[in-house]
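**Q** build me a model from this:
(chains A, B and C)
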Amino acid sequence: MARTEIRIGGFGGQGIVTMAVVLGETLSLVEGRQCVQTQSYGPEARGGASKSEIVVDDEEVDYPKVQEPDVFIAMSRAAYLEYVEGLKEDGILIIDEDLVEIESDLPAGVKVYRVPATRIADKEVGTKQATNVVMLGVLAAITGIVTPEGLKQAIKDRWPRFVDTNFKALELGIAAGKKALAS
Amino acid sequence: MTESAPVLRHPMSKYIREDRQPWIYCPGCSIGIVTNMVARAIDKLGLDFNKVVVVSGIGCSGRSSGYFKTGTYHTTHGRAIAFAEGVKIANPDLEVIVISGDGDIAAIGGNHLIHACRRNIDITVICINNFNYGMTGGQFGPTTEHERYSQTSPRPIGNIEHPFNLVKLAASSGSTFVARWTAVQARRATRSIERAIKKKGFSFVEIIGACPTAYGRMNRLGDGLKMHEHLLEVAEIKNGLPPHEAELEYESKIICGEFVDIEKPEYTAVLRAAHTKFKESI
Amino acid sequence: MPERIMFTMGDIACAEGALSAGCRYFGGYPITPATEIAEWMSLRMPEVGGAYVQYEDEIASITSVIGASWTGTKAMTATSGPGVSLMLEAIGLAVMTETPLVLVNIMRGGPSTGQPTKGQQGDIMQAKWGSHGDYQIIALTPASVQEMFDQTVQAFNLAEKYRTPVFVLADETVGHMRERLVIPDEKDLELTYRKLPSGPPEEYLPFKPDDDLVPPMALLGSEYQFYATGLTHDERGYPSDKEHVQIELITRLNDKILKNADDIIDLERFMLDDADIAVIAYGTPSRSARRAIKDARAEGIKVGMLRLKTIWPFPDDTIASLATEVKHLIVAEQNLGQAYYMVKASAAPTPVHLMTKPAGMPQLPHEILDKIRKVDSI
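**A** Below is the predicted model of the structure:
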């Protein structure tokens, strides 16, 4: 797979940096890909709009930041409005359907997938903190950029004490992603 | 070696770089006396002199480190305490002594003083307070009394600022040992310096000294002899007095003594204990 | 410790590099975007029996590092532009007293408070000329997480070898991005330690250099007594106001870096062999340039890059000879032009073009590509 750029936007406290880091750990340490993770820092520790990004490639990643994302995951309205610009033609837009509405014209061919990730985490996993892991499952199911097995390995390494909760979140995310893909 | 005529050597000369004599200090200056006090305290304690480190900042008192025949370091202005902290933390087996002036320690280095007191690192700070910046020719500083004259607080107005009382500053910042003496109370001061060195914690000893060349001249306080006689006259010994009562009025009353001697966990000891605890936990 | 592999950020790679190099004293003060180095050190130092000390300001931080270094402990501090500005006087003291230490500057936008969370390369000249007086400095400019590790180790080795402060100058992007990091088995790391004196202590002259212009360094607490001072000093370490002492001392302090420049300078040549245009870059912009050069090559433009992995001492000889091989040079840096002036002086009369970006995002690859195309069409 050639250079692929993934952008994740949300508000501070949603775990979007962790989400990108886990994705990076999976790609880099488990699946042996070349990848770079970056993030935008603002002065706010909570709230605001923030983003974190992953560039993955088969050869060494040169420019480390995202220029035109192939995939944009929007987890808050503010982040959607702030970071949707630049999304590639024929790109993939994944939104948390309870938090984000499509309010602008999107580039040609963009495929939009709507998933209630926060609701799944809250109601089915039992903690909103698992939203980012749900969304990782969604990403894996929709894009195939990363494998569920790889994510499981990275999750196990990172949170050995919370494996069950996170695996559940991941499975529910994968199912939700497959459902969105089919609809 | 050719035999030389017997010369009466100063008993403390073994600690001093004799090849650097004569001192740069003016006649009547107190810094030589304080250097002697520190040497005698080290001698009395029987310290391995190789393990003693003397650090100073900038100014007349800042030159004192260079006269000691051990590992000595002359830092930038105000930073002697910061350097000393690095030394002590990196090698707690060393005995680290800072000797510097009031301007160096309480003005440009004041922040390091209060934080080192708070941190409680086992170093000894000896501050020679001569009420002005001597080396630059006698400007007012953080301990210059209100309305005193200096090159930057000239007649007829004098100093419009008010001085720090360094005993109160060190005590309220958390220093575990605080004393003040004048340069003429050599034996008592030396004993306090011994206790300060032995103290496992941050120690602060202020020695009130004379600067006849600058401060004395501008305030018509007489020559070095007269100034030292005055110090003896106005010194009032009140060991154990609460530090906030340790007043200093040059004209009439300089309260001297040991005001603080308390026990608190010392930084490098806590750090070592933490390392041990960490090793046991894994 | 055996080899470890992590997916981690440049700041943490830097801290791990320091620990692998044997750093056991960190004196610092929190500042964005270098805080992660301090945080990681506070976590890791207890594991290796070292000290993480948080000071009241950056002046105390670096001065304490100088103190720690004189006990024989490898020591470092890490900060960003405002902190470096406060440390400048002490950098001069470390140069003058020939104190090995490593100073990491994760460069953010300036001047003043600037843009704390955004990167820039605005401190290149500050690193070289910030403290007063004539002196030389060593500064390394890593461009990846792995290089943050490798070059921090290298920084310690150079600091110890030449008894001098060494900068790791990384832009914020390099400091904060995460990549795969391989920490080699400690047996595979080559580490340098300062020369210690060996003769009779009474004959020891603390500032008498060997043939490599570096004097053996006595440690505090050893049987070698010495006086180290920021004042101009003779070989005994004693202050002197004599003209010849000043000339001899500062000439030697400069020469010990400049005459060993070939040993210190670290450069990467990328697609330069047949190039008509050479891009000079360091840090994150060099990664943009790499992409741009590949794309320009695909268009048939003969362009390559000289990447500066060290920026001080400046590789003027290499650039002078490169300038005779190419028709144009382009300097791509994330500032309004700093290394540019050095390149221009070395490359004359070959034209040097500046491609700047004085802001948080480094030059985009296509921006550099546009510049290459423009220069190619001249």
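
**Q** Three-state assignment for residue C:32, please.
**A** When classified by DSSP: H, G, I helix; E, B strand; the rest coil, residue C:32 comes out as coil.

**Q** ramachandran angles for it?
**A** Dihedral angles of residue C:32 (phi, psi; degrees, to the nearest 10) stand at phi -70, psi 140.

**Q** which element follows the strand or helix carrying residue C:167 toward the C-terminus?
**A** Residue C:167 belongs to strand C:165-171 when assigned by DSSP states H and E. Downstream of strand C:165-171, the first helix or strand assigned by DSSP H and E is helix C:172-176.

**Q** tell me where chain C has helices.
**A** Remark: helices assigned in chain C by DSSP state H are C:10-21, C:35-48, C:58-69, C:81-96, C:124-129, C:145-162, C:172-176, C:243-258, C:261-264, C:284-298, C:316-325, C:339-347, C:365-376.

**Q** on that earlier part again, what pairs with the strand holding residue C:167, parallel or antiparallel?
**A** Its sheet considered, strand C:165-171 pairs with strand C:101-109 (parallel), strand C:138-140 (parallel) by DSSP bridges.

**Q** got the angle for that strand vs helix C:81-96?
**A** Using axes from the mean of the first three to the mean of the last three C-alpha atoms, to 10 degrees, the inter-axis angle of strand C:165-171 relative to helix C:81-96 is 160 degrees.

**Q** C-alpha coordinates for strand C:165-171, PDB please?
**A** Listed next in PDB are the C-alpha coordinates belonging to strand C:165-171 (Å, rounded to 0.1, in the frame of the first residue of the first chain):
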ATOM      1  CA  PRO C 165      28.600  21.900  25.900                       C
ATOM      2  CA  VAL C 166      26.800  20.300  23.000                       C
ATOM      3  CA  PHE C 167      23.400  21.300  21.700                       C
ATOM      4  CA  VAL C 168      20.800  18.900  20.400                       C
ATOM      5  CA  LEU C 169      18.700  21.300  18.200                       C
ATOM      6  CA  ALA C 170      15.500  19.700  17.200                       C
ATOM      7  CA  ASP C 171      12.400  21.400  15.800                       C
END
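
**Q** next, the angle helix C:58-69 makes with that strand.
**A** Going by the same axes, to 10 degrees, strand C:165-171 makes 130 degrees with helix C:58-69.

**Q** so how far is strand C:165-171 from its chain's centroid?
**A** Distance of strand C:165-171 from the chain centroid (C-alpha atoms, centre = their mean, to the nearest Å) equals 3 Å.

**Q** just stretch B:35-44 next, same as before
**A** How far stretch B:35-44 lies from its chain's middle: 13 Å, per C-alpha atoms, centre = their mean.

**Q** buried residues in it?
**A** B:35-43 (16 or more other C-beta atoms under 10 Å in any protein chain shown). (Each C-beta comes from the backbone N, C-alpha and C, glycine too.)

**Q** quick one, helices of chain A?
**A** Along chain A, counting by DSSP H, helices occupy A:16-25, A:77-83, A:117-119, A:131-143, A:148-158, A:163-182.

**Q** around residue C:336, how many other residues sit close by?
**A** Neighbourhood size, residue C:336 [other C-beta atoms under 10 Å in any protein chain shown]: 12.

**Q** give me the nearest residue to it, chain neighbours excluded.
**A** Of all residues not flanking residue C:336 in the chain, residue C:358 sits nearest, at 4.8 Å (C-beta to C-beta, 6 or more residues apart in numbering or on different chains).

**Q** and the one you found, how far from chain A?
**A** Counting by C-beta to the nearest C-beta, to the nearest Å, the gap from residue C:358 to chain A is 17 Å.

**Q** would you check that that residue makes contact with residue C:334?
**A** Yes: using C-beta atoms under 8 Å, residue C:358 is in contact with residue C:334, at 7.2 Å.
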